[in-house]
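Enquirer: kindly return the folded structure for what I paste below:
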Amino acid sequence: MTTRPERVPAQEIRQRMLDAGRDLALEAGAALTIEHLRLEEVIQRARVPRSSAYRVWPYKEDYTDDLLCYLAGAGSWFSDRAVLSPETSAVVWQLITDNRQLLATTEGRQALLREVVRVTADRNYRALSDSLQWRLHMALVATLGSTRTGAARRKIAAALEAAQSRSREVMVALFGIVATELGLRPRDPALTVEHLQLAGGLLIQSMALRNVQVQTALADKDADSPGDPAAEDGQAHDAIRHVDRLLNSPVPGPGLHGGTAPWSLAALGYLGMVEAFVELDPHFVPPDPARP
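Expert: So this is what the prediction gives:
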């Protein structure tokens, strides 16, 4: 007597198919390719019965909408974390702890604030530039308008905004620590820390996105064979190299102990925003370093 294969529950089929679609999307490097994913390829990657997959999603478009919602929401890398380098908080606290002597003067506090910005903004710019998960997140934002149904678009948009809100909350809390330790206050009561975080976060993400574009173009150019039409477009290649130098070559900026230090363009731009939004409180009394 032939034993019937164990039936896989529909929920497990669904989860395995969504996870397989996410893996393929990350390997492809952009959500733009999701519309072109072959359902048969996803089924093979998920190792589920073909009939079971089509029972859950009779049409490929139904699967695509569910996958996009999953990538924006529960299946997002940022569903339980912020869109920033996870070590940022520790780096900030270490900088303040190692340089508490600078809190005794206005000049020292200003130097420490600038060093915190220099290190953390550059760290997050480079972390985002290298993150496949963040690229997929941004590609979802860029392709939101092409999603098939209005209901799916609203669901994806809500999930994407939820991820950004988590990042905003983390960054606002982090800046609150910096403001307390260094004695900062808004230049104008109408300008909140949330304004600063939103403007600064968008600056770093937009520069990281441009860096992704530039690095992709350079990598593709280096892969061209001599004689290819693309390899002969020297003027365009020079323009790309120029933008790469602007984005990634260090520029001189204020150092922690006087003089200059190497700054990235992203960090220097972020510093301009910080200094436009906040100022040093002249009545600040440094916290007691002996406090628990």
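Enquirer: just the strands from the chain, written as ranges.
Expert: 184-186, 251-254, 260-263, 278-280 (DSSP state E).
Enquirer: now mean neighbour count, distance to Pro58 and mean pLDDT too, for those, in JSON lines please.
Expert: Just so you know, the C-beta spots here come from the backbone N, C-alpha and C atoms, and that holds for glycine as well. Formatted as JSON lines, the strands of the chain follow (neighbours: other CB atoms under 10 Å; distance: least, CB to CB, whole Å; pLDDT from 0 to 100):
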{"stretch": "strand 184-186", "mean neighbour count": "16", "distance to Pro58": "55", "mean pLDDT": "95"}
{"stretch": "strand 251-254", "mean neighbour count": "14", "distance to Pro58": "56", "mean pLDDT": "96"}
{"stretch": "strand 260-263", "mean neighbour count": "16", "distance to Pro58": "55", "mean pLDDT": "96"}
{"stretch": "strand 278-280", "mean neighbour count": "17", "distance to Pro58": "55", "mean pLDDT": "97"}
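Enquirer: out of these, which is closest to Gln110?
Expert: strand 278-280 (6.1 Å; CB to CB).
Enquirer: and that closest one, which strands flank it?
Expert: strand 184-186 (antiparallel) (DSSP bridges).
Enquirer: before we move on, the earlier item: dump the strands of the chain to TSV, plus distance to Arg126.
Expert: Putting those into TSV (distance: least, CB to CB, whole Å) gives the following:
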stretch	distance to Arg126
strand 184-186	25
strand 251-254	15
strand 260-263	13
strand 278-280	24
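Enquirer: and Glu27, how many neighbours?
Expert: The number of residues packed around Glu27, counting by other CB atoms under 10 Å, is 10.
Enquirer: any idea how far it lies from Thr97?
Expert: 41 Å (CB to CB, to the nearest Å).
Enquirer: what does stretch 118-138 contact?
Expert: For stretch 118-138, contacts defined as CB atoms under 8 Å, 6 or more residues apart in numbering pick out 25-26, 29-31, 71-72, 76-78, 83-85, 87-88, 91-92, 95, 160, 163, 200, 204-205, 207-209, 211-212, 215, 253, 261, 263-264, 266-267, 270-271.
Enquirer: how about stretch 205-217?
Expert: By CB under 8 Å, 6+ apart, stretch 205-217 touches 83, 125, 128-129, 134-135, 138, 240, 243-244, 247-248, 265-266, 269.
Enquirer: go again with 10 Å.
Expert: Residues from elsewhere that reach stretch 205-217, judged by CB atoms under 10 Å, 6 or more residues apart in numbering: 29-30, 83-84, 121, 124-131, 134-135, 137-139, 141-142, 164, 167, 236-237, 239-248, 264-267, 269-270.
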